[in-house]
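In: no sequence on this one, just coordinates:
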């Protein structure tokens, strides 16, 4: 087999591979498109959550950062339940978590249903804010956990591996034509 025939054979293999990569790249991109749109749009919103009050209520300041002067958590929880019920008429909503912010002198009490948040002064228990945290449900849409933890795991793996495959096939679609031109010369 001559050098010209070997180059032509190699060129034909590269062209055939290039066609296969192009088809794979196109359909993989179409499949991932919806996940990418959702992930990028919600990621954009999450990037702004601390700066846009509608996404996440601004963190208020309490009177003192001295934890020794703070009221007990049980008392804070009781105040938060009453504040949520009186402000938005929501009762029997379980507490999801309590976030203490000693440097701000306040506590955020986040509820399990409806994405509600009550901010309290750590030392007096005074209600500083009652608001909905839209960033929490946006985050659940972002990672797929709004459906289930299995969908979260599945969608994040599909997205990660899919982007890796798109990167590799995209590089191949860029590199192979250059290699083919070199072989033809």
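Out: Yes, it's here. Predicted model only: the values in this text are computed from it and were never measured. Residues are numbered from 1 along each chain as shown.

In: Just to check, residue 126 is in contact with residue 118?
Out: No. Residue 126 is beyond contact range of residue 118, at 11.1 Å (criterion: CB atoms under 8 Å). Glycine gets a C-beta too; all of them are placed from N, C-alpha and C.

In: More neighbours: these two, which one.
Out: Using other CB atoms under 10 Å, the more surrounded residue of residue 126 and residue 118 is residue 118, with 26 against 15.

In: for the more buried one, helix, strand, or coil?
Out: With DSSP: H, G, I helix; E, B strand; the rest coil as the basis, residue 118 sits in strand.

In: Which elements pack onto the longest helix anywhere in the chain?
Out: Criterion DSSP state H: the longest helix present in the chain is helix 3-47. If contacts are counted by 3 or more CB pairs under 8 Å, 6 or more residues apart in numbering; DSSP states H and E, helix 3-47 sits against helix 134-143, helix 149-184.

In: Which of the residues in the next helix or strand after that helix are classified as buried?
Out: Moving toward the C-terminus from helix 3-47, the next helix or strand (DSSP states H and E) is helix 73-88. Residues 76, 77, 79, 80, 81, 83, 84 are the ones in helix 73-88 that count as buried (16 or more other CB atoms under 10 Å).

In: Mind pulling the model confidence for the first one?
Out: In this case it means residue 76. pLDDT for residue 76: 97.

In: List the residues that contact the spatially closest residue to residue 105 that is not a sequence neighbour.
Out: In this structure, residue 105 finds its nearest non-sequential neighbour in residue 62, 2.9 Å apart by CB to CB, 6 or more residues apart in numbering. Residue 62 sits next to 104, 105, 106, 107, 120, 121, 122, 123, 124, 128 when contact means CB atoms under 8 Å, 6 or more residues apart in numbering.

In: Closest one of those residues to residue 170?
Out: Distance to residue 170, by CB to CB, is smallest for residue 104 among the contacts of residue 62, at 45.7 Å.

In: residue contacts, that closest one?
Out: With CB under 8 Å, 6+ apart, residue 104 has these contacts: 59, 60, 61, 62, 65.

In: burial of the closest residue to residue 38 other than its chain neighbours, as a residue count?
Out: Excluding the flanking residues, the one nearest residue 38 by CB to CB, 6+ apart is residue 141, at 6.6 Å. Using other CB under 10 Å, residue 141 has 16 other residues around it.

In: ditto for the one 4 residues further on
Out: Applying other CB under 10 Å, we find 16 other residues in the vicinity of residue 145.

In: Can you tell me the element it falls in?
Out: In this assignment (DSSP H and E), residue 145 forms part of neither any helix nor any strand.

In: what sits against the nearest residue to it once chain neighbours are set aside?
Out: Closest residue to residue 145 apart from its sequence neighbours, by CB to CB, 6+ apart: residue 152 at 4.1 Å. Listed by CB under 8 Å, 6+ apart, the contact partners of residue 152 are 143, 144, 145.
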